[in-house]
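In: Test case, fold it:
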Amino acid sequence: MTADLTRYGAVTAKVRAMYGKRLKAADYATMAAMKSVTEVADFLRGHPGWDEALATADTASLRRERLEGILRRSCLARVLRLFLYMRREDRVAMRYPILAVEMEQLMRVMRLASAGQAADYVFDQPEIVKTLSRVRFDLLPGVVTYDDLLEVLKNTDFHTALKRIRPENGEFPPYLLVEAQMRRGYFRSLEGLLRGRPGKSGELLREAVGIQADWINITMVERVLRYYPSIMPDIFQYLLPVSAHIKPVELRAMISLENADGLRGLLARTHYAPYLAGRDGDSLEKIAQICLMTFFRRQMAGGFPSVFMPIAFINLYQNELQNLIHTIESVRYSLPPEAVERNLILI
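Out: As a prediction, the model looks like this:
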């Protein structure tokens, strides 16, 4: 613990100061009552948490898509700058934001390649992503077949998992399966690297990874039961081999359901039961996010300096971005303020 206090004391102070500039419930209420995207952009340009992102933007001409793009890139760039403060061996624990970008870019290339248009691919993320990723984004426009994609990914966390599902005919597998296998590859690598990490920070990292995996598995089971029941016999190809609080017997019970209607009843008998109480109208995706953000918020408020603190901040900051996206879209389509509030996750 002493080493973590020495190494991450300054980083913890930095992220807590950044978190102190977060948008509050009153800020969202103010934005929700606005009449245009321009008003929201002007408000954010005057807010200390987002002023840098919009400092040079012409807010009068910003449309919703453009504003959201600016905010997404700013959030990612700010998050990735935290990597510069980390020890190299600790950076893998913070790779989830990179994973999200890699997956989004790879799925986009798959869609283009399936239509014979991979040459149209353009990398549209902050350049620091290339530095922190092992994906050769410059080679993606040349992808024509699934084997081409595997070749580009041969030195990444994804390669082994994606090679395992290579069809004999060389065509691209279903998108849902590819997405699930990319997550499996990453989480297997992450679990292995964190398994022997000592101390309290190691415990927190393993629990955070396990909670994320639990909810990814829960929501995947619901998704398959509700929309893709035909793939249930192969469900384990879509699930993560990691868990924090969902026991194997509980997961098997979920998989054995005939439909998604009984899933919440089973979850009400698990570790996550308190997060379901009084939330019958909320989706499991929202409940999952509430659970995760509560965990990270608790550490941000009272945790000791460690590698876990910037990870907690990253997750909370990305949640703020999603709240902002919901708010901007609601203002764009003139939804009432109470409808905006229902989509927000304020911890």
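In: C-alpha from now on. contacts and neighbour counts both.
Out: Fine.
In: which strands and helices sit next to the helix or strand harbouring Gln318?
Out: Per DSSP states H and E: Gln318 is located in helix 308-332. The contact analysis (3 or more C-alpha pairs under 8 Å, 6 or more residues apart in numbering; DSSP states H and E) places helix 308-332 against helix 2-19, helix 25-32, helix 37-45, helix 64-81, helix 199-227, helix 284-302, helix 337-343.
In: Run the angle between that helix and helix 2-19 for me.
Out: 20 degrees (axes from the mean of the first three to the mean of the last three C-alpha atoms, to 10 degrees).
In: follow-up on the earlier one: right, so the helices and strands packed on helix 308-332: which one is the most enclosed?
Out: Looking across the helices and strands packed on helix 308-332 with neighbours counted as mean count of other C-alpha atoms under 10 Å, the highest average goes to helix 37-45: a mean of 21.
In: Show me what that helix is packed up against.
Out: Helix 37-45 packs on helix 25-32, helix 308-332, going by 3+ C-alpha pairs under 8 Å, 6+ apart.
In: average pLDDT across the last one?
Out: The average pLDDT within helix 308-332 is 94.
In: With the shortest one instead?
Out: If you average the pLDDT over helix 25-32, you get 96.
In: how many degrees apart are that helix and helix 308-332 in direction?
Out: Note on geometry: by the same axes, to 10 degrees, helix 25-32 and helix 308-332 are set 30 degrees apart in direction.
In: Now tell me what touches helix 25-32 from outside.
Out: 39-40, 43, 324, 327, 330-331, 336-337, 340-341, 346 (C-alpha atoms under 8 Å, 6 or more residues apart in numbering).
In: any idea which of these is closest to Leu292?
Out: Ranked by distance to Leu292 (C-alpha to C-alpha), the contacts of helix 25-32 are led by Leu346 at 11.8 Å.
In: okay, stretch 174-185 in CSV with CA atoms only?
Out: The C-alpha atoms that make up stretch 174-185 are tabulated as CSV, following Å, rounded to 0.1, in the frame of the first residue of the first chain:
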residue,chain,number,x,y,z
PRO,A,174,-22.2,-12.9,-37.2
TYR,A,175,-21.5,-9.4,-35.7
LEU,A,176,-22.8,-10.3,-32.2
LEU,A,177,-20.5,-13.3,-32.0
VAL,A,178,-17.4,-11.3,-33.1
GLU,A,179,-18.2,-8.5,-30.6
ALA,A,180,-18.6,-11.1,-27.8
GLN,A,181,-15.4,-12.9,-28.7
MET,A,182,-13.4,-9.6,-28.7
ARG,A,183,-14.6,-9.0,-25.2
ARG,A,184,-13.7,-12.5,-24.2
GLY,A,185,-10.2,-12.1,-25.5
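In: List the buried residues of it.
Out: With burial defined by 16 or more other C-alpha atoms under 10 Å, the residues of stretch 174-185 counted as buried are 177-185.
In: sorry, back to before: now the helices and strands packed on helix 308-332 as a markdown table including distance to Phe313?
Out: Compiled in a markdown table, those are given as follows (distance: least, C-alpha to C-alpha, whole Å):
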| stretch | distance to Phe313 |
| --- | --- |
| helix 2-19 | 6 |
| helix 25-32 | 18 |
| helix 37-45 | 20 |
| helix 64-81 | 9 |
| helix 199-227 | 13 |
| helix 284-302 | 7 |
| helix 337-343 | 21 |
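In: Among those helices, show the one with the smallest mean pLDDT.
Out: helix 2-19 (a mean of 81).
In: okay, the angle between that one and helix 199-227?
Out: Using the same axes, to 10 degrees: helix 2-19 against helix 199-227 is 50 degrees.
In: helices and strands around helix 2-19, which ones?
Out: Using 3+ C-alpha pairs under 8 Å, 6+ apart: helix 2-19 touches helix 308-332.
In: what does the helix it packs on contact?
Out: Here helix 308-332 makes contact (C-alpha under 8 Å, 6+ apart) with 11-12, 15-16, 19, 22-23, 28, 31-37, 40, 64, 68, 71-72, 75, 79, 82, 93-94, 201, 204-205, 293, 296-297, 299-300, 303, 336, 339-340, 343-345.
In: quick one: Met107 from Tyr96, how far?
Out: Computed with C-alpha to C-alpha, to the nearest Å, the distance linking Met107 and Tyr96 is 16 Å.
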